[in-house]
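Enquirer: Provided below are the primary sequence and the corresponding predicted coordinates.
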Amino acid sequence: MHPKILGVKVRLEVLKYKIYNWRTYWRSFWLGTINFNRRGVTYQGKLEAIIIQANGEELDLGTIGTRVVTNAGIEFMVDDFDAGGATTDITLFNFHDSGTGVAAEAVTDTDLGTPAGPTTRATGTKSQPIASQFRSVGTIAYTSTLAITEHGLFNQAARGAGSILWDRSVFAAINVVNGDSIQFTYTLTVNSGG
């Protein structure tokens, strides 16, 4: 296929996804633009995704979710301030998981709605783009056909006991097949209050 035609096809696929995922863009606009007069410390997560297809083609979907941190995540952070230790270490939140659940995100979430994909979570690569941001980039490889609709950042690689959900995002379905991967980029911005 001619490179120009392929480029147009990729841009159309990304545009189609962004239109289908309009709720995320509205939420991002509301939180970041209209509701800018909020006071107090805020924690906001932003999730971006790149589909890496089995043939090597990449589709950069941009921002697919913006949400706030869960109650369980904040309680974990407070416990780390209070006592610290091996089990309450805030730096452990670096494990990416995905699922097919569609229930809306809530601060009371403690897990994904329906975890799907590999049973061991992907370990992210951490960075700090600016002083007030934490970023983790994790790539999840799939071995079956799934419609991925949710992502979570956790404190451990294994699902189940002891697993704490820091942030959950729900988005329009990203369809994957055997050999596809999704590179998730989670960015937490902490804004000071006053």
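Expert: Noted; the coordinates are in hand.

Enquirer: the helix or strand bottoming out on mean pLDDT in the chain: what's the following helix or strand?
Expert: Using mean pLDDT, DSSP states H and E, the weakest-scoring helix or strand in the chain turns out to be helix 22-29, at a mean of 58. Next helix or strand after helix 22-29 toward the C-terminus (DSSP states H and E): strand 42-52.

Enquirer: mind listing residues that contact stretch 84-102?
Expert: 73, 76-77, 79-80, 112-117, 121-124, 126, 136, 138-140, 146-157, 159, 162, 164, 166, 170, 182, 184, 186 (C-beta atoms under 8 Å, 6 or more residues apart in numbering). C-beta: built from backbone N, CA, C; applies to glycine.

Enquirer: name only those of these that count as buried.
Expert: Using 16 or more other C-beta atoms under 10 Å as the burial test, the contacts of stretch 84-102 include 73, 76-77, 79-80, 112-113, 115-117, 121-122, 124, 136, 138-140, 146, 148-157, 159, 164, 166, 170, 182, 184, 186 as buried.

Enquirer: so what's the spatially most central residue of the chain up against?
Expert: Of all residues in the chain, the one closest to the mean position by C-alpha atoms, centre = their mean is L47, 4.1 Å from it. L47 makes contacts with 63-67, 151, 167, 169, 171, 184-187, as judged by C-beta under 8 Å, 6+ apart.

Enquirer: most widely separated two among these?
Expert: Longest distance between any two of the contacts of L47 is 15.2 Å, between F171 and T187; criterion C-beta to C-beta.
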